[in-house]
Every structure is written in C-alpha cells, then in structure tokens.
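Participant: Give me a 3D structure for the following:
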Amino acid sequence: MNSNKVVMLGDSSVGKSSILEYFRYQRFIPNIESTVGCEFYAKQIKINNEIIKLLMWDTAGQEVFRCFTSNFLRKAKIIVIVYDISNIESFENIRIWLIESNVVPDAKIVISGNKNDLNSKVRCLKYIDKLKKEFSNKEIYYFGDVSAKTGKNIEELFLYIGNIILRSKSNKSSNIENQAIVDLNNKNKKTCSC
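Facilitator: As a prediction, the model looks like this:
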C-alpha cells in the first residue's frame, strides 16, 4: 500500500495541529503548542472498501520557518491550506500559501476554514474563485469549514481528501467539487464582500 503525503499549510494559530489532533485521537487540546518545523504521522482511512494510507505532515506557520516549507512539500499529493474563519488576514494569506505550493506543481490543493465553532465568520467564495483563476495551473478544491474544537467536519475533510486521491488514481471524470461539505450548519450565512 502506497503512502499518500498530505501537507498542512497555513498561518500560525489557524489550528492545523488541532485539526490533526482531532483526526488522530478525536480530542481537542486547548492551547496546543505551536509546531516547530514539521511533525508527521500516518493514518489509514477506508473509502468504498479501499484502504488509503495518509502520511500527514503538520508544518509551522510562523514566517521564520517558511524557508523550510519547500522541503516539506516535496512529493506531496495533497496540500491542505487552512485559514481561521475568525481571522481575515489568515484568509487573505491563502494566496501566499498557494505561491509556496508551486514547489509541487502536481499536488492537489484543498482549502478549508477552521474554528467553525466561533461566531465570527470570514468566508468569501468570490475570493476563492479568483484564486482558482489566478492559479489555474493548480487543481484547487474548497472544502468548507471545520471545527477542531467540536470535531465538526474533521472526518469528512479527510474522507474528502481520500476521495480526491482515489479519483486521481483512477482518473475518473466525476466532479469531486459537488461532494464538498459546504453546508456549515446554516444556508443563510453571509460572506464577506470582496
């Protein structure tokens, strides 16, 4: 069974480590320590009776560690760019992380917001669409929001990633974008104006 390298990118404190902690142990640790450099571990998921082995890489979001990011990205199949839905700067910095991901031109990009449990919501699908056009050489997917605190949509995020991996292996023409979890509890939520 081949390992599928999945790298988490995003600003410091957006909750990349917390997402992985919940995915791995189904728990939330308040004030989890910031990642220094990079940490990784493997976990298997099952989709349609097929086992997919994910090799998860958690990278530091601090600017001081960005010089190492390109090394961590090598051979990544999926890059997950996480932003904090209560922090507009982390949302706007998705573009910076997309530039960083150019080191691996074949990697598929999944964008997801974290901290869905908070009241303040930053989301602008027009901005995501603009980024998809700007980085048209990349395969970019928008998953929606998760909460590493409550566990909402964490498992679904990684099943979504697993489906992208399966699709790329089988080259199916099905549109994975239609399978995204974008409900986010409320269909009437307002998005920011871009």
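Participant: Tell me, how many residues neighbour residue 136?
Facilitator: Here the number of neighbours of residue 136 (other Cβ atoms under 10 Å) works out to 9. From N, CA and C alone the C-beta is placed, and that goes for glycine too.
Participant: Which of the three states applies to it?
Facilitator: Following DSSP: H, G, I helix; E, B strand; the rest coil, residue 136 is assigned to coil.
Participant: where's it relative to residue 70, distance?
Facilitator: In this view, residue 136 and residue 70 are 21 Å apart by Cβ to Cβ, to the nearest Å.
Participant: residue closest to the middle of the protein?
Facilitator: For the chain, residue 80 is the residue whose C-alpha lies nearest the centre (Cα atoms, centre = their mean; 2.8 Å).
Participant: Can you say which helix or strand has that one in it?
Facilitator: Using DSSP states H and E, residue 80 sits in strand 78-84.
Participant: Give me the helices and strands touching whichever helix or strand comes after that strand, please.
Facilitator: Scanning forward in sequence from strand 78-84 by DSSP H and E, the next helix or strand is helix 88-92. Using 3 or more Cβ pairs under 8 Å, 6 or more residues apart in numbering; DSSP states H and E, the elements in contact with helix 88-92 are strand 78-84.
Participant: Could you list every helix and strand in contact with the longest helix seen in the chain?
Facilitator: In the chain, ranked by residue count with DSSP state H as the criterion, the top helix is helix 154-170. If you count contacts as 3+ Cβ pairs under 8 Å, 6+ apart, helix 154-170 packs onto helix 16-25, strand 38-47, strand 50-59, strand 78-84, strand 108-114, strand 140-145.
Participant: And the ones you listed, which one averages the lowest pLDDT?
Facilitator: Ranked on mean pLDDT, the bottom entry among the helices and strands packed on helix 154-170 is strand 38-47, at a mean of 86.
Participant: In the sheet, which strands lie alongside that strand, parallel or antiparallel?
Facilitator: Counting by DSSP bridges, the strands paired with strand 38-47 are strand 50-59 (antiparallel).
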